[in-house]
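Trainee: Sequence first, then the predicted structure:
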Amino acid sequence: MQNITESALQTMAGEIESLLLEQREGINYAFQKIKEGIKISIGVNLDQTNQGIEINYTVNYPLEPAPEPAQKQTVKKRQIINENQAELFDGFEKMRPKAGSGIDSITISSGCKSATLEAR
C-alpha cells in the first residue's frame, strides 16, 4: 500500500498548477463574460493500484452565466377531515353569540388551548 508523502503532495500541487495554467485562457474568458464572478472547482481523486497511486484531476468552471431561476409560486395546504368531529363543531357553532344579542364573543378554553367565537 502506497503512502501519501510530502513528495506525492508536491507532485499533485504541481499538476494542479499546470492544469490551471493550461486553462488560463478559458478561465479568463469566463471571468470576463460572467460579470458576477465565477467559481472554479478543482477535484482530486486518489486510488490504490498495483502500479502505485492513481490520481485523477478535474477542473470545472462555467462558460456562460447561470440562467435566471424561473419565478415560482408555491402553495401548500394541509387538511385533515374527521367526520366523527362534525357533531363537536356543530355544538360549538350553536354556542356562537348571535349578532345584536349584546354578547360580542365567547372564549372556550381547555388546558392551554382556547378558541374565541365572535358574534355573527
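Mentor: It's in. All values reported here derive from a predicted model rather than from experimental measurement.
Trainee: what's the helix or strand harbouring Ala115 in contact with?
Mentor: Secondary structure assigned from DSSP states H and E places Ala115 in strand 113-118. Taking contacts as Cβ atoms under 8 Å, 6 or more residues apart in numbering, the residues outside strand 113-118 that touch it are 92-93, 95-97, 104-108. All C-beta spots, glycine's among them, are computed from the backbone N, C-alpha and C.
Trainee: Tyr29: neighbour count?
Mentor: By the measure other Cβ atoms under 10 Å, the count of residues near Tyr29 is 13.
Trainee: again, but for Gly14
Mentor: 10.
Trainee: what does the model give it for pLDDT?
Mentor: Per-residue pLDDT puts Gly14 at 95.
Trainee: gap between Ala8 and Ile81?
Mentor: 65 Å (Cβ to Cβ, to the nearest Å).
Trainee: did I read that right, Gly26 in a helix?
Mentor: Yes: Gly26: assigned to a helix according to DSSP: H, G, I helix; E, B strand; the rest coil.
Trainee: Let me see the ranges of the helices in the protein.
Mentor: 6-22, 24-33, 86-95 (DSSP state H).
Trainee: The ones you listed: which one's closest to Leu63?
Mentor: helix 24-33 (5.6 Å; Cβ to Cβ).
Trainee: hmm, back to that, Gln71 is nearest to which of the helices of the chain?
Mentor: Among the helices of the chain, helix 24-33 sits nearest to Gln71 (Cβ to Cβ), with 24.6 Å.
Trainee: Name the residues that touch that closest one?
Mentor: 20, 37-38, 40, 61-65.
Trainee: can you name the two of those residues that are farthest apart?
Mentor: So, the contacts of helix 24-33 by Cβ to Cβ: farthest apart are Leu20 and Pro65, at 21.5 Å.
Trainee: in the protein, what spans have low per-residue confidence?
Mentor: Residues of the chain meeting the criterion pLDDT under 70: 86.
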